[in-house]
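A.B. asks: got a sequence here, can you model it:
(chains A and B)
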There are 2 protein chains.
Amino acid sequence: MADISKYAYRVEPQEVDFTLRATLAALGAAVLNTAGIDAHGKGFGVDALNAGNRSWVLSRMALEIDERPRQYTDYTVGTWISDYGRVLSTRNFVLVDASGHEFGRAVTQWAMIDLATRSAVDLSWVGREHDGAVVPVPPPTDRPRKIRSVTPTQRAEHRVVYSDIDFNRHVNTMRYIEMMLDMLPVELLTCEAPVRLDIHFLKECRFGQTLAIGCEQHERSALFEVSGDGETVAVRACIEWKENGQKG
Amino acid sequence: MADISKYAYRVEPQEVDFTLRATLAALGAAVLNTAGIDAHGKGFGVDALNAGNRSWVLSRMALEIDERPRQYTDYTVGTWISDYGRVLSTRNFVLVDASGHEFGRAVTQWAMIDLATRSAVDLSWVGREHDGAVVPVPPPTDRPRKIRSVTPTQRAEHRVVYSDIDFNRHVNTMRYIEMMLDMLPVELLTCEAPVRLDIHFLKECRFGQTLAIGCEQHERSALFEVSGDGETVAVRACIEWKENGQKG
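C.D. replies: Residues are numbered from 1 along each chain as shown, chains lettered A, B, ... in the order given. Next up is the predicted model:
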């Protein structure tokens, strides 16, 4: 039976904001990078799947960070797959500092798509073939929440450029998160309170499209929706900071 | 006497474009990250200097990449300081793959500023105090070239947001490079020819400013200049791809 796999990271200077703590985007990037490395090492990474004209696509992510670690902090990201459904597999993460303190966690849900048809592939065979990769440890927090509707109080536009896109020619996940968070007050983004982000991908946005980003801002939370070229919603997200602002 | 210090990297999935090779911005980030880690490890990093209300500021960089490495390629960045002048110190880099092949190099020049006055500090004392850190190996390529004038053929605007800024509240180097390169045709950005980038920082751009980016595009090269809020030029840069497009 598989075990939780751990990968070592350190908060690098380019990953901190002016509070000298890692940004949410940098921690989210470490989580997604860990997913890629772990799948690659176990033989079902994007590179292996591409050979069969398939790819993993992130469908939903929940990311919770209790305290943003300071520059040069060593930490590990532990990851495991807890279950495969017919359409989604669930990959979990815990972020733990050198003293063993868990300061963050994530739950992600991935679909596998056929690159020719761009439609989801039934994952039952993956569950059977890679049964040994499943670790019977439940997700470390609530699974990603659905965000049903957003009533924007602010809007922004962004044309998708080269530096926004990933190996798949689609806007990369962390850029969506950055462009949404950039609409919020910097005081909220740099506060020390625990934060939870839920993000939900409905369709892909491509190079050259113009994205409309709507933000429904509340006192300590915000909802977002992104659509490309006036089409239906491509991404919805929700972020919420807890009241405990004295921490850290 | 000091030696060239080597740091291990690997091209991670989030660092490649759709050619599955590392982007120039990702390789530049690895170079700058190496500078930070090496200075930190040797006791004259930004963190140590900040205690004395000083900081390193990148003044000029030249980056040459002969071939962009593929996803999951292991490589090292070797770095050394070759000399200290009164105002600028020169830090050099070589990028070498696992087979020992050098595929890139960089020369950077750094000033030390007083954080209260924002003016440059005489580096002679650093040269004396950290004399042991100087490695008598010349820079691996031409030092950064000065770019004297740019006649824009295209213009773009960009408001500086949270995700653009660094620990210093200024636009981070790689974001400047990304916003400039994003103005060029994607075919040029993803071509396999050797490329050289020179960038020259004249003043800092801050959170909330609106940047004007001018691009003078030629067939296989481009010049750029960036200014903030209608002020004088803050950054100039030049990029050039060699004719050898058959490589790789």
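
A.B. asks: and the helices in chain A?
C.D. replies: A:24-41, A:46-51, A:124-129, A:173-181, A:186-189 (DSSP state H).

A.B. asks: quick check: closest non-adjacent residue to A:Arg21.
C.D. replies: Distances taken as C-beta to C-beta, 6 or more residues apart in numbering or on different chains put A:Arg68 closest to A:Arg21, at 3.8 Å, once the chain neighbours are dropped. (Glycine included, C-beta is placed from N, CA and C.)

A.B. asks: ok, A:Asp3 next?
C.D. replies: Leaving aside its chain neighbours, A:Asp3 sits nearest to A:Val135 (6.5 Å; criterion: C-beta to C-beta, 6+ apart).

A.B. asks: please look at that neighbour and A:Ile4 and confirm they touch.
C.D. replies: Yes: under the criterion of C-beta atoms under 8 Å, A:Val135 makes contact with A:Ile4 at 6.0 Å.

A.B. asks: still on that earlier bit, the residue nearest to A:Asp3: neighbour count?
C.D. replies: Close neighbours of A:Val135, defined as other C-beta atoms under 10 Å in any protein chain shown, add up to 18.

A.B. asks: go on, A:Asp122?
C.D. replies: Neighbours around A:Asp122, by other C-beta under 10 Å: 11.

A.B. asks: from chain B, how far out is it?
C.D. replies: Applying C-beta to the nearest C-beta, to the nearest Å, the value for A:Asp122 to chain B is 25 Å.

A.B. asks: repeat that for A:Ala237.
C.D. replies: For A:Ala237, the distance to chain B - C-beta to the nearest C-beta - is 15 Å.

A.B. asks: is the residue nearest the centre of chain A in a bridge, and if so with what?
C.D. replies: Most central in chain A under C-alpha atoms, centre = their mean is A:Met61, positioned 4.7 Å from the mean C-alpha point. A:Met61 has these beta-bridge partners by DSSP bridges: A:Thr108, A:Ile199.

A.B. asks: state the distance from it to chain B.
C.D. replies: Using C-beta to the nearest C-beta, A:Met61 is found at 14 Å from chain B.

A.B. asks: does that residue touch A:Asp198 like I think?
C.D. replies: Yes: applying C-beta under 8 Å, one finds A:Met61 in contact with A:Asp198, separated by 7.4 Å.

A.B. asks: okay, and the common contacts of the two?
C.D. replies: Residues within reach of A:Met61 and of A:Asp198 at once, by C-beta atoms under 8 Å, 6 or more residues apart in numbering or on different chains, are A:Pro144.

A.B. asks: re earlier: which of the helices of chain A sits most buried?
C.D. replies: Mean neighbour count (mean count of other C-beta atoms under 10 Å in any protein chain shown) peaks for helix A:173-181 among those, with a mean of 22.

A.B. asks: is that one in proximity to chain B?
C.D. replies: Yes: legend: contact between helix A:173-181 and chain B by C-beta under 8 Å from any C-beta of the partner chain is shown at A:174, A:178-179, A:181.

A.B. asks: what's the distance between that helix and the middle of its chain?
C.D. replies: Distance, stretch centre to chain centre, for helix A:173-181: 10 Å (C-alpha atoms, centre = their mean, to the nearest Å).

A.B. asks: likewise stretch A:104-120?
C.D. replies: 12 Å.

A.B. asks: list the buried residues in it.
C.D. replies: Neighbour counts over stretch A:104-120 (16 or more other C-beta atoms under 10 Å in any protein chain shown) mark A:104-113 as buried.

A.B. asks: can you lay out those as JSON lines showing pLDDT?
C.D. replies: Putting the buried residues of stretch A:104-120 into JSON lines (pLDDT from 0 to 100) gives the following:
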{"residue": "A:Gly104", "pLDDT": "98"}
{"residue": "A:Arg105", "pLDDT": "98"}
{"residue": "A:Ala106", "pLDDT": "98"}
{"residue": "A:Val107", "pLDDT": "98"}
{"residue": "A:Thr108", "pLDDT": "98"}
{"residue": "A:Gln109", "pLDDT": "97"}
{"residue": "A:Trp110", "pLDDT": "94"}
{"residue": "A:Ala111", "pLDDT": "92"}
{"residue": "A:Met112", "pLDDT": "88"}
{"residue": "A:Ile113", "pLDDT": "86"}
